[in-house]
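**Student:** how would this look folded up:
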Amino acid sequence: MSNTPDEYPREAVDLDDCMQVIKSFLEHLEYTLGKDKYTSLKRDVYNALSYSARDRMISRWMDTQRSYYHDDPKRVYYVSMEFLMGRTLENSLINLGLIDNFRNAIESLGYDFNEIVDEEQDAGLGNGGLGRLAACFLDSMATMSIPAYGYGIRYEYGIFRQNIDDGAQVEVPDNWLRYTNPWELERQQHLHKVRFYGNVKEFRDETGRVRHEWVDTENVMAMPHDTPIPGYGTQTVNTMRLWSAKASREFDLKFFNEGNYIRALEKKMTSENISKVLYPADNVQEGKELRLKQEYFLASATINDVIYRYRKTHSDLRKLPEKVAVQLNDTHPALCIPEMMRVLLDVEDYTWEEAWEITRKTFAYTNHTILPEALEKWPVWFFEHILPRHLIIIYEINERFLEEVRKCFPGDEEIVGRMSIIEEHWERNIRMAHLAIVGSFSVNGVAALHSEILKTDLFKDFYRMFPERFNNKTNGITQRRWLKMANPGLSGLITASIGDGWVIDLDQLQKLRPLADDPQFRGKWYQVKKTAKERLAAYILKHNQLQVNVDSIFDCQVKRIHEYKRQLLNVLHIVALYNRIKQGTAADAPPRTFIFSGKAAPSYAMAKLIIRLINGVADVVNNDADIAGQIRVVFLANYSVSLAEMIFPAADLSEQISTAGTEASGTGNMKFTLNGALTIGTLDGANIEIMEEVGEDNIFIFGMNAAEVARLRKNYSPRDWYNGNAELKLVLDMIASGAFSPTAPDLFQPIIDSLLKDGDYYMLLADFADYLAEQDEVGRVYLDRDEWLRRSVLNTAGVGKFSSDRTICEYARDIWGVKSHSAESSSIAAKDCSP
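**Tutor:** Okay, here's the model as predicted:
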């Protein structure tokens, strides 16, 4: 899936450096891997080349870390349960400025560089936008020379591999580490002890102060694995530190000494399960318990590591916020807050007031969800059992906080109940978002609409009390991976036309605007897009055994499968268009290839059923001779970063059709726009800001806005919409009758019931007619090739705001209070990111 050599915009090759690459590669092949040209496999060649590339980073990495200790800048710790990094080799070589030297060197030895790159397994340590955003942020922080560290978990098994069997998703373990990972360095000397279960003893010390001791715990060791993250065009190489769980020696010795060897191995396996798999099944108690243990494992190891690093050069933890900012990527790492309190109270012997002042000034929280039901909550009894000391701390935080609430809103016990960290329900729960807000000095959303909803709806009570804490930081993507690496043909055309300044300053794409009216430039733009479509078409033929028309609209919806993202609305349009073609009423419609990709959570039955429906519709449409290939439907299995890097450059149309007011931001929309796709979407998430940047005439907007959704929801009758639209009724009746599941006619009845009986919560039926009308407009514009290409160029030209460099600049300036630290990144440091 890598880019072909002739498409890459070649730079001058340094022949002396190529010789050094060859020397390093051959030495690693022989001395690190014990292979030679006769015994080595492609995997060995990839590993040897990766070790050679890593060698180039090590000295920069060491220099970067030494400078952080010597100059003592304030540092950022970005904590995330997910880091969806994708592949590392090609991206690292681009950032290091060595891609052409390494390509030339390895090809001079008779190897195909692209085949070697394709040997790399995606590091799938995430399930979508949350983890991919974290990866983009690491790239931008290194490129902008922000002193920063990423902290996460080194899952042995990442997000599952998705197979499609008879139209249904089948999950297969993703053992991404089975061939080792040449990019990481294991730091066995930096183990941190993480404790679970046990009891809490309360006592008074010699001064009469109430103290607590957490005893009789079961202990697990957290071992760090460090991966260097190189910036582009700078000497800075930052660190991503991922924790793996290891059994403590106490466990091993205890049971071995008793002669119970089987029990010793069981304990070792159980303790190391913590970092075994990303997102254990949450529909069983054991899976939920393991998930909570993962979250605390990350929090405890990270907080202890942050304090350990701070202690190397400072003694007074009361000054920690002057040198440390910890960013919580959603609520999953929110246990960092009570863990910091535990360490400060029980280990460092600070008073509650001192500890809380330090904690509250250290943490910042990013919210990533609008849906109330998606906000993370944990049963109190889980904490009583697994984290008893933290439950006591959370109770104390909540008690003191509610005293402030009552002072702020005297006599209003309803607001006290709404704001409490503890949800008093039939099952008492800890509201993790409330804990994160109360324990942080900053709370940000990830798009302008999302942030406004947080202030006026989801967290409106907190906003009334702490208005100064709330702010917006619209998400962004790194153009280094999503244009320069993923789309070298377009990258080369842009660089040849306006220079390469856009690689570190995406606003420079504005220079493309005049070229949108240049027929010769549009012709080159068309050829680049067609080449990308041909590459994707070849992939589809190989993996789905389906021939697609590269002159058709490549209409793409690739993202996590969820009802609010409304892949189902897309399917309803496909069926309606299929019916029109069959009826002879779509003669002027251009051919389309509908491309889906994405994974459904293993326990999310409705999302998995939607995947089956997509494939059921595909089976009927793709095999109907009457429509003569006018439309094709394809579901690409096992969506990943690498697959996305092939889809985004080839897309003509980007489907961003979530119900208005449900998508926090989205970043896929930005990647499509960057690569020249036009968007059809609702006024949701970052779609609104994309529309503002590219122009209302260059995007296809349909449906209700968030306010209209809220109004209609109060009195929404989906059956009225069903009965009032004959085309919609026909589509739903076909699905219900088994037209797309002939061997199991009732298979998709739950989907129909969700729309007609269960209230159509995401309001597909209300938006259906407007969606189809806008899709008709898409078809009309596409038939005018010059107009479509003009709009495509203007989309890319208007995407500058959505670089993760801009986002990180705003975080650094407005939240973290940090500055760029490397003189080598002066071109980027020139941006006003100073606090």
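
**Student:** Could you look up the SS state of Thr679?
**Tutor:** Following DSSP: H, G, I helix; E, B strand; the rest coil, the label given to Thr679 is strand.

**Student:** so who does Gln121 touch?
**Tutor:** For Gln121, the contact set (C-beta atoms under 8 Å, 6 or more residues apart in numbering) comprises 176, 179. Bear in mind the C-beta positions are built from the backbone N, C-alpha and C, glycine included.

**Student:** So Ala605 versus Gly492, what's the distance?
**Tutor:** Going from Ala605 to Gly492 by C-beta to C-beta, to the nearest Å gives 46 Å.

**Student:** Please apply the same query to Ala433.
**Tutor:** 45 Å.

**Student:** higher neighbour count, these two?
**Tutor:** Ala433 (24 against 18; other C-beta atoms under 10 Å).

**Student:** State the three-state secondary structure for the more buried one.
**Tutor:** Of the three states, Ala433 takes helix under three-state DSSP.

**Student:** Which pLDDT value belongs to it?
**Tutor:** We note a pLDDT of 97 for Ala433 in this prediction.

**Student:** And it, how far from Glu414?
**Tutor:** Going from Ala433 to Glu414 by C-beta to C-beta gives 19 Å.

**Student:** Any stretches of this protein with poor pLDDT?
**Tutor:** The chain contains residues with pLDDT under 70 at 1-12, 249-257, 260-265, 267-268, 823-835.

**Student:** longest strand anywhere in it?
**Tutor:** strand 218-230 (DSSP state E).

**Student:** Sheet partners, orientation included, of that strand?
**Tutor:** strand 185-186 (antiparallel), strand 192-196 (antiparallel), strand 237-247 (antiparallel) (DSSP bridges).

**Student:** Looking at these, which one is packed in the most?
**Tutor:** Mean neighbours per residue, mean count of other C-beta atoms under 10 Å, is largest over those for strand 237-247, with a mean of 23.

**Student:** Show me the contact partners of stretch 519-529.
**Tutor:** 487, 489-490, 493, 497, 515-516, 649-650, 652, 676, 785-786, 789-790, 792-793.

**Student:** how far is that stretch from where the chain is centred?
**Tutor:** Relative to its chain's centre, stretch 519-529 lies at 32 Å (C-alpha atoms, centre = their mean, to the nearest Å).

**Student:** again with stretch 564-577
**Tutor:** Taking mean C-alpha positions (C-alpha atoms, centre = their mean), stretch 564-577 and its chain are 24 Å apart.

**Student:** Buried ones in that stretch, by neighbour count?
**Tutor:** 565-577 (16 or more other C-beta atoms under 10 Å).

**Student:** Of the residues you listed, which belong to helices?
**Tutor:** Residues of those located in helices (DSSP state H): 567-577.

**Student:** need the next SSE after the stretch of helix or strand Leu402 belongs to, C-terminal direction.
**Tutor:** Under the criterion of DSSP states H and E, Leu402 resides in helix 388-408. Per DSSP H and E, the first helix or strand lying C-terminal to helix 388-408 is helix 413-419.

**Student:** Count the neighbours of Gln65 for me.
**Tutor:** When neighbours are counted by other C-beta under 10 Å, Gln65 comes out with 17.

**Student:** same deal with Asp412?
**Tutor:** With other C-beta under 10 Å as criterion, Asp412 counts 14.

**Student:** Please report how far it lies from Met465.
**Tutor:** Asp412 is 12 Å from Met465, by C-beta to C-beta.

**Student:** Kindly report the same for Ile386.
**Tutor:** 31 Å.

**Student:** Do I have it right that Pro228 meets Asp63?
**Tutor:** No: Pro228 is beyond contact range of Asp63, at 11.6 Å (criterion: C-beta atoms under 8 Å).

**Student:** More neighbours: the two, which one.
**Tutor:** Pro228 (24 against 14).

**Student:** and that one, how far is that from Leu138?
**Tutor:** Pro228 sits at a distance of 11 Å from Leu138 (criterion: C-beta to C-beta).

**Student:** do the same with Gly779
**Tutor:** For Gly779, the distance to Leu138 - C-beta to C-beta - is 40 Å.

**Student:** The two: which is more packed in?
**Tutor:** The neighbour comparison of Gly779 against Leu138 (other C-beta under 10 Å) goes to Leu138, with 27 against 17.

**Student:** how far does stretch 29-38 stretch from start to finish?
**Tutor:** Start-to-end span of stretch 29-38 (C-alpha to C-alpha, to the nearest Å) is 11 Å.

**Student:** Only the buried residues of that stretch, if you could.
**Tutor:** Quick answer for stretch 29-38 (16+ other C-beta under 10 Å): 29, 33, 35.

**Student:** My understanding was that Ile574 contacts Gly616; is that so?
**Tutor:** No: between Ile574 and Gly616 there is no contact under C-beta under 8 Å: 11.1 Å.

**Student:** Run through the strands of the stretch 1-150 of the chain in chain order.
**Tutor:** Here the stretch 1-150 of the chain has its strands, by DSSP state E, counting those that start in this stretch, at 75-79, 83-86, 123-125, 148-153.

**Student:** Which of these sits closest to Arg469?
**Tutor:** Closest of the strands of the stretch 1-150 of the chain to Arg469 is strand 75-79, at 18.1 Å (criterion: C-beta to C-beta).

**Student:** Would you mind getting the angle between that closest one and strand 237-247?
**Tutor:** Between strand 75-79 and strand 237-247, the angle comes out at 50 degrees (axes from the mean of the first three to the mean of the last three C-alpha atoms, to 10 degrees).

**Student:** now for strand 75-79, which elements pack on it?
**Tutor:** helix 129-143, strand 148-153, helix 285-311, strand 324-329 (3 or more C-beta pairs under 8 Å, 6 or more residues apart in numbering; DSSP states H and E).

**Student:** Tabulate these (TSV), appending distance to Thr88.
**Tutor:** Formatted as TSV, the helices and strands packed on strand 75-79 follow (distance: least, C-beta to C-beta, whole Å):
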stretch	distance to Thr88
helix 129-143	10
strand 148-153	14
helix 285-311	21
strand 324-329	20
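
**Student:** I'd like to know which of those is closest to Glu218.
**Tutor:** Closest among the helices and strands packed on strand 75-79, using C-beta to C-beta: helix 285-311, at 10.2 Å.

**Student:** From the chain's centre, how far out is the closest one? Work that out for me.
**Tutor:** So, by C-alpha atoms, centre = their mean, the centroid of helix 285-311 is 20 Å from its chain's centroid.

**Student:** List the buried residues in that helix.
**Tutor:** Within helix 285-311, the residues scored as buried using 16+ other C-beta under 10 Å are 287-288, 290-307, 309-310.

**Student:** swap in stretch 783-792?
**Tutor:** 788-792.

**Student:** again with stretch 149-159
**Tutor:** 149-159.

**Student:** Over to stretch 95-113?
**Tutor:** 95-96, 98-106, 111, 113.

**Student:** of these, closest to Glu218?
**Tutor:** Nearest to Glu218 among those, with distances taken as C-beta to C-beta, is Asn95, at 41.8 Å.

**Student:** Tell me how far that closest one lies from Pro228.
**Tutor:** In terms of C-beta to C-beta, Asn95 sits 10 Å off from Pro228.

**Student:** for Glu452, same thing?
**Tutor:** From Glu452 over to Pro228 the distance is 38 Å, taken as C-beta to C-beta.

**Student:** cool, Arg132 as well?
**Tutor:** Applying C-beta to C-beta to Arg132 and Pro228 gives a distance of 19 Å.

**Student:** and what of Ile106?
**Tutor:** With C-beta to C-beta as the criterion, Ile106 and Pro228 are 21 Å apart.

**Student:** For Leu177, grab the count of nearby residues.
**Tutor:** For Leu177, using other C-beta under 10 Å, the count is 16.

**Student:** How about Asp226?
**Tutor:** 18.

**Student:** repeat for Asp746
**Tutor:** 11.

**Student:** okay but it is in contact with Gly738, surely?
**Tutor:** Yes: the criterion here is C-beta under 8 Å, and Asp746 meets it with Gly738 at 7.0 Å.
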